[in-house]
Structures are given as C-alpha cells and as structure tokens.
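K.L.:
can't give you the sequence, but here's the structure:
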Ligand code: F6R
C-alpha cells in the first residue's frame with residue numbers, strides 16, 4: 001500500500017534507509033560479523049572469473065559491484081547485458097561463476113542466459129528481491145535483497161539494495177582470502193542509511209532542481225567518471241523511463257570523442273563529482289561543456305565541493321558513494337516527470353517485469 005504517498009516510486013525512494021538497515025541486520029551474525037552462507041563464499045572463491053549478467057537497472061548495479069569485487073576481493077569480473085550475452089557468449093574462463101542480478105527474478109533475458117550456462121555445467125548465484133522466483137529456483141545459490149515489494153516500474157530501492165548486497169559479498173570474499181577491508185563495511189552502511197535519510201528530507205531542493213533544469217528541456221546529459229559514471233547511467237535511465245526526456249549517461253573523458261557535439265546553449269548536464277582521485281578531471285569535463293553553452297548541475301560530496309556546485313552530498317566512504325549519489329538522481333527524475341505531467345508509477349511502453357525475450 002502506498003499510504004499517504006502520491007506514488008509508489010516516492011514511497012520506495014523513501015524506504016531506502018530502512019532497506020539499508022534491514023540488509024545490515026540480515027547479513028550480520030550475533031557477533032556483528034559479516035554473515036554470508038559459506039557455500040556461496042566457497043563457490044565465489046573457487047572461481048577464476050566472475051560473470052555478472054543482468055538487465056537495465058540491475059545491470060547498472062552490476063557495474064558498481066564489479067568495482068567492489070575487483071578492488072576488495074581481487075577477483076576479475078565481467079559485467080554483461082543479458083540479451084547480448086545470450087547471442088554472443090564471450091570466451092569463458094576455466095572456472096567461471098555467474099552472478100545474476102534481478103529484482104524480480106523473472107526477467108526472461110537473464111533466465112535465457114542462466115539456462116545456457118547451467119547446460120554448460122557452470123555454477124550460478126542469483127541476487128534477487130523475490131524468494132522463490134524463477135532465477136532463484138534455477139540457480140545454485142541465492143542472496144536476497146530484503147527490500148520489500150517494489151511496485152513502481154522505475155526501480156529505486158532494489159538498485160541500492162543490490163549494491164549493498166554486492167558490497168557485502170565482496171567484503172566477505174576479501175575477508176575469507178585474508179584481505180580484510182581497511183574499514184568496517186557494516187558501520188559504513190549504517191552511516192549511509194543516515195545519509196540517505198538526510199537526502200530523502202531534501203525533496204524540495206530536488207523538486208527545484210528538476211523544475212530549473214528539466215521542465216522544458218528536450219534532452220539531458222549525466223556525466224561522471226568511474227563510479228559516478230555508472231550512477232550517471234542509472235540517473236539517465238530513470239529520467240528516460242518516467243519523464244520521457246532523452247537522456248544519456250556518459251563517461252566524462254569520452255565526451256570529447258564525439259558526443260560533445262550535442263551540447264548546445266542551455267543543454268542540462270548533471271555532473272557527479274564524488275571521487276577525490278578524479279575530481280580534477282571531471283571538473284575539467286564540466287568546463288568543456290560549459291564552454292559550449294551547457295547548463296551544468298554539479299552534484300559533489302562534502303570535502304570535494306567547490307563554489308557553484310548545485311548540491312553537496314553528505315560525506316560517505318568513497319567506494320560506496322553510488323548508494324547515496326543515486327538518490328538525488330532518482331528524486332530529480334521523479335519531480336521532472338511530475339512537472340511534465342507524466343504517469344510516474346506506470347510509464348508508457350513499460351512493464352514491471354519483462355518476461356519476454
Ligand atoms: C528500470 C527498470 C528495468 C529493470 C530491468 C531488470 O527502472 O526497472 O530496467 O531493472 O527490466 O529487471 P529485474 O531486475 O527484475 O531483472
């Protein structure tokens with residue numbers, strides 16, 4: 001039930017701090033240690049390469065998850081769009097492990113790949129919100145998102161839940177291999193839950209940004225580097241889906257290789273700057289688009305902020321910023337859709353789970 005909320009999407013955005021706390025609770029043992037089924041930890045550890053397969057928003061979460069697994073657990077990861085993978089399977093490593101990420105657990109494109117790789121005799125783990133779903137039943141292992149039912153077509157809380165569960169999995173693997181993280185992940189996720197709450201309390205500001213930048217525009221760019229780039233892809237997808245604004249997520253450094261030709265006077269460019277090591281470069285990219293007339297909306301993070309930034313996120317661990325930087329983008333998409341009188345919960349041409357290939 002959406003209760004007093006005008007839309008499920010807004011309710012589900014607001015639920016993200018609660019979901020974070022639920023995940024902390026579900027993946028922690030009585031001693032406060034990370035708790036993931038040993039069978040799963042062993043299966044991941046035996047793999048020489050991990051293949052993440054997913055669609056849409058779940059694919060975007062996979063891109064972030066790859067960073068955790070490679071950086072913390074030091075296992076190579078490839079991330080694939082399911083519908084491409086099934087017709088163009090890459091050469092597989094000797095001991096692959098497949099991770100399927102799917103909110104619904106019913107997405108036909110992902111299931112087609114699962115059937116293919118099972119036939120080849122490979123092991124699969126499904127990360128899903130729905131216990132007993134097809135992808136969960138047909139895989140060898142399941143990790144649940146514990147996000148509660150997601151009703152709005154545009155996925156929000158499942159995305160942050162997927163990222164949190166992938167972080168926990170990566171941290172457990174790292175620990176099992178004697179590469180414990182330099183920080184306490186569960187404590188950081190607690191800080192993130194609080195930061196999410198702060199952001200959810202700033203709806204008016206997001207409404208204003210949406211009105212200012214997006215109420216009449218034809219198109220919009222989201223730029224960033226590394227993790228910020230992946231979140232930009234998700235921000236662009238949210239905006240396309242529910243407001244029908246043509247939106248593109250782009251790697252800041254890649255713009256100059258062609259796409260910058262699309263920047264005109266007043267084109268909104270939402271830039272994420274949450275990573276210290278690429279702060280200078282992304283700000284350089286913003287200057288490049290501003291020189292061509294873009295209307296920049298810089299979303300940075302406390303400690304990295306500069307004059308003129310439109311919004312500053314609370315400080316969280318730099319590896320984990322996607323968990324909070326996506327929230328303004330979700331809210332901006334929501335308000336942009338409202339300002340353009342779009343049906344937020346049931347956008348045209350889309351269904352909640354895509355059960356056809
Ligand atoms: C975007 C969205 C879709 C889904 C995609 C995969 O808001 O909802 O892109 O993420 O169809 O769905 P699941 O995760 O259920 O496999």
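P.N.:
That came through, no problem. The model shown is predicted, which means the values in this text are computed figures rather than measured ones. Residues are numbered from 1 along each chain as shown.

K.L.:
all strands of this structure, in order?
P.N.:
Here the chain has its strands, by DSSP state E, at 49-54, 77-81, 96-102, 123-128, 141-144, 219-224, 246-251, 268-273, 295-301, 311-313.

K.L.:
any idea how far residue 31 is from residue 191?
P.N.:
20 Å (Cβ to Cβ, to the nearest Å). In this view, the C-beta of every residue, glycine as well, is placed from N, C-alpha and C.

K.L.:
of those two, give the one with the bigger neighbour count.
P.N.:
Of the pair residue 191 and residue 31, residue 191 is the one with more neighbours under other Cβ atoms under 10 Å, namely 17 against 6.

K.L.:
pLDDT value on that one, please?
P.N.:
On pLDDT, residue 191 comes in at 98.

K.L.:
try residue 103
P.N.:
pLDDT, read off for residue 103, is 98.

K.L.:
kindly report the same for residue 109.
P.N.:
Confidence score, pLDDT, at residue 109: 97.

K.L.:
for the chain, list the residues in contact with the ligand, please.
P.N.:
Residues of the chain lying close to the ligand by Cβ under 6 Å from any ligand atom are 55-58, 102-104, 107, 110, 154-155, 237, 241, 353-354.

K.L.:
and the residue in the stretch 151-300 of the chain that the ligand sits nearest to, what does it touch?
P.N.:
Residue nearest to the ligand within the stretch 151-300 of the chain (Cβ to the nearest ligand atom): residue 155, separated by 3.6 Å. By Cβ atoms under 8 Å, 6 or more residues apart in numbering, the contact list for residue 155 reads 56, 57, 58, 103.

K.L.:
swap in 10 Å and give it another go.
P.N.:
Listed by Cβ atoms under 10 Å, 6 or more residues apart in numbering, the contact set of residue 155 reads 9, 12, 56-58, 60-61, 103-104, 129, 147, 161-162, 234, 237-238, 241, 330, 352.

K.L.:
narrow those residues to those that are buried.
P.N.:
Buried subset of these (neighbour count, 16 or more other Cβ atoms under 10 Å): 9, 12, 56-58, 60-61, 103-104, 129, 147, 161-162, 234, 237-238, 241, 330, 352.

K.L.:
before we move on, back to that, from residue 139, how far off is the residue of the stretch 151-300 of the chain closest to the ligand?
P.N.:
Distance of residue 155 to residue 139, given as Cβ to Cβ: 20 Å.

K.L.:
among the strands of the chain, which is nearest residue 200?
P.N.:
Nearest to residue 200, of all the strands of the chain, is strand 311-313, at 12.6 Å by Cβ to Cβ.

K.L.:
report the strands that pair with the closest one, each with its relative direction.
P.N.:
strand 295-301 (parallel) (DSSP bridges).

K.L.:
between the partner strand and strand 219-224, how big is the angle?
P.N.:
Relative orientation of strand 295-301 versus strand 219-224 (axes from the mean of the first three to the mean of the last three Cα atoms, to 10 degrees): 30 degrees.

K.L.:
return the set of buried residues in strand 295-301.
P.N.:
Those would be 295, 296, 297, 298, 299, 300, 301, for strand 295-301 by 16+ other Cβ under 10 Å.

K.L.:
was I right about the second one contacting residue 271?
P.N.:
Yes: distance between residue 296 and residue 271: 6.1 Å, which falls inside the contact criterion (Cβ atoms under 10 Å).

K.L.:
shared neighbours, those two?
P.N.:
Joint contacts of residue 296 and residue 271 (Cβ under 10 Å, 6+ apart) are 221, 223, 285, 286, 289, 290, 309, 310.

K.L.:
what number of residues lie near the second one?
P.N.:
What that stands for is residue 223. As a measure of burial, residue 223 has 30 neighbours, counting by other Cβ under 10 Å.

K.L.:
equivalent analysis for the first one, please.
P.N.:
The burial count assigned to residue 221 is 25, neighbours taken as other Cβ under 10 Å.

K.L.:
what's the closest non-adjacent residue to it?
P.N.:
Excluding its sequence neighbours, the residue lying closest to residue 221 (Cβ to Cβ, 6 or more residues apart in numbering) is residue 269, at 4.6 Å.

K.L.:
over to the third one?
P.N.:
Nearest residue to residue 285 in three dimensions, chain neighbours excluded: residue 252, at 3.6 Å (Cβ to Cβ, 6+ apart).

K.L.:
that neighbour contacts residue 270, doesn't it?
P.N.:
No: between residue 252 and residue 270 there is no contact under Cβ under 10 Å: 11.8 Å.

K.L.:
residue in the protein with the shortest distance to the ligand?
P.N.:
Nearest residue of the chain to the ligand, counting by Cβ to the nearest ligand atom: residue 56, 1.9 Å away.

K.L.:
who's in contact with the closest residue to that residue other than its chain neighbours?
P.N.:
Of all residues beyond its chain neighbours, the one nearest residue 56 is residue 237 (6.7 Å), with distances taken as Cβ to Cβ, 6+ apart. The neighbours of residue 237, taking Cβ under 10 Å, 6+ apart as the test, are 56, 57, 59, 60, 154, 155, 159, 222, 247, 249, 329, 333.
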